[in-house]
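Colleague: When you get a sec, could you give me coordinates for this:
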Amino acid sequence: MHALYIFKRIFYSYRVGPVGAAFKYLSFLGLLGLITMAPRTTYGQDQQKGQDSLREKSRQPLGRFPDDAVVTRGSFDRSITVPGTKGAFRVGGNVIVNTNYDFDNLGFQDISFQSTIPLDGTSEDGENQFRTHVRFSKVNFDYRSPTRLGEFRVFIEFDFFNPAQNGEFVNDYGLRLRHATAELGNWKFGQFWSGFMDVFSQPETADPGGPLGLPSKRNPGIFYVKGERSANAFGFGIENPTTDLSGETDLQRSESLPSFVGFYKISGTWGYARLAAMSVQQRSTEDDLITGAMHLSGRLNLPSINEHDNIAYGFQFGEGFVHYYSSFVVDLDGIIRADGEIESTRVLGGFVAYQHWWSERTRSTFNASFLDLDLPSGFNPLAYSNGYRFSGNVVITPIRDFTIGAELNYDTIETFDGSQGEGLRLEIVTRFDF
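Modeller: Residues are numbered from 1 along each chain as shown. The predicted structure is shown next:
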């Protein structure tokens, strides 16, 4: 438009004479050259530029925090960073399929509860049983973030072993809360494994209950741990008190004190050893009794046999803490007499397990464990008194996140009046981690 305007002004400005005509002609040629030399823009070029601009914008990360919107690896295994923060989270868990065949009736089929084994000569004794289930499959959420007070962590985990649900026929087991904790630095709040038990000494078994003489309890509380990742560590805290008494239970009263727990651990290239102690309160209308327990546990490495071979062990003794074992569904911590006096059950338990690695992917664990309860007089004659468990397995991890194993368990029990029972179980477990 501007070039046409200039041309018209030049053409009409010189109307007479040969000089004017010559100047018109030369001006026209010069203006035509300027037009042809000037960069030209077409509709197609405008459209291409628009598309290039949109394509460049599409390469930019979307979201509120453009610098961090691209998903990146988090600070711990299999985690991702939360955009715009230093925190990372992971959703994980596993699918566990337990398949059991009882050559002799072992009572409860989903997990080995010795207190449910039928006694010799009873109608249930000797019955073969088959059972497969996924009740110990788990799903969890893990969030961690650095702070000036140390790492902040939230961990929540569920499985499907809800005793209030009966999915034996329709397989609709409900969720059960296993862990719900918040950690800040050395402090832990919420429900997790009791500080009295030692998770790292638990041998690898196909049965979810593990060895007989191994405390296994998740308990709400507040705990402080110093040096958890160092050679020497210690911790102490309080936990929810839950004692199970028999006898005149109408006289039982709720505990007025928490259970106090503490531990000390030393470790080195040889393995580690851990000593834990715990107090337990038992109350009635006429008595207020404080009992306690000790737990020595650990692992010994055996590099002279194989790089990964080890012996795991654990021994406990004390009074009034039978409810810390997973093999019992009855009240055996003590008995309340008619006059309100409480007598506690003395407990002695333990296990030894040897693990041998046949190859980098195949290993076996051989376990022997026992539990002995010195019950006060007055208990039901058929109440559990002592038992033994022997097991051996072969476990293979052919690829990452997939494990399959087979285990043979032999259990024997004796009741308060001397009656006995036994059972043999073959268990196959497959686990898929995610």
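
Colleague: hey, C-alpha coordinates of stretch 252-260 in CSV?
Modeller: Output of stretch 252-260 as CSV, limited to C-alpha atoms (Å, rounded to 0.1, in the frame of the first residue of the first chain):
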residue,chain,number,x,y,z
GLN,A,252,-10.3,-56.3,84.8
ARG,A,253,-9.6,-52.6,84.4
SER,A,254,-8.0,-50.6,81.5
GLU,A,255,-4.3,-49.9,81.8
SER,A,256,-3.4,-46.5,83.2
LEU,A,257,0.2,-46.6,81.9
PRO,A,258,1.6,-47.2,78.4
SER,A,259,4.1,-50.0,77.7
PHE,A,260,7.6,-48.6,77.9
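
Colleague: What are the buried residues along that stretch?
Modeller: Buried residues in stretch 252-260, counted by 16 or more other C-beta atoms under 10 Å: 252, 255, 258-260. (Glycine included, C-beta is placed from N, CA and C.)

Colleague: go on, stretch 404-423?
Modeller: So, applying 16+ other C-beta under 10 Å, buried residues of stretch 404-423: 404-405, 407, 409, 411-416, 421-423.

Colleague: Let's see the pLDDT reported for Ser53.
Modeller: Model confidence at Ser53, expressed as pLDDT, equals 55.

Colleague: Apologies, that question was intended for Gly17.
Modeller: Reported pLDDT at Gly17 in the predicted model: 51.

Colleague: now do Ser13
Modeller: The model's pLDDT for Ser13 equals 47.

Colleague: next one: Gly167
Modeller: At Gly167, pLDDT is 55.

Colleague: Same question for Thr72.
Modeller: Confidence score, pLDDT, at Thr72: 89.

Colleague: Could you tell me how many residues sit around the residue lying closest to it once chain neighbours are set aside?
Modeller: Spatially, and ignoring its direct neighbours in sequence, Thr72 is nearest to Thr81 (4.8 Å; C-beta to C-beta, 6 or more residues apart in numbering). A count of neighbours around Thr81, defined by other C-beta atoms under 10 Å, yields 18.

Colleague: now swap in the one 3 residues further on and tell me
Modeller: Residues contacting Gly84 under the criterion other C-beta under 10 Å number 13.

Colleague: Three-state assignment for it, please.
Modeller: coil (DSSP: H, G, I helix; E, B strand; the rest coil).

Colleague: Phi and psi next, for it.
Modeller: phi 80, psi 0 (degrees, to the nearest 10).

Colleague: And for the one 5 residues further on?
Modeller: Its backbone dihedrals place Phe89 at phi -140, psi 160, with angles given as degrees, to the nearest 10.

Colleague: Quick check: pLDDT value at it.
Modeller: Value listed for Phe89 in the pLDDT field: 96.

Colleague: cool, and Tyr410?
Modeller: Looking at Tyr410, the pLDDT reads 95.

Colleague: Phe234 now?
Modeller: 97.

Colleague: Quick check: next helix or strand after the helix or strand in which it is found?
Modeller: Using DSSP states H and E, Phe234 maps to strand 232-239. Next in sequence after strand 232-239, counting helices and strands by DSSP H and E, comes strand 245-247.
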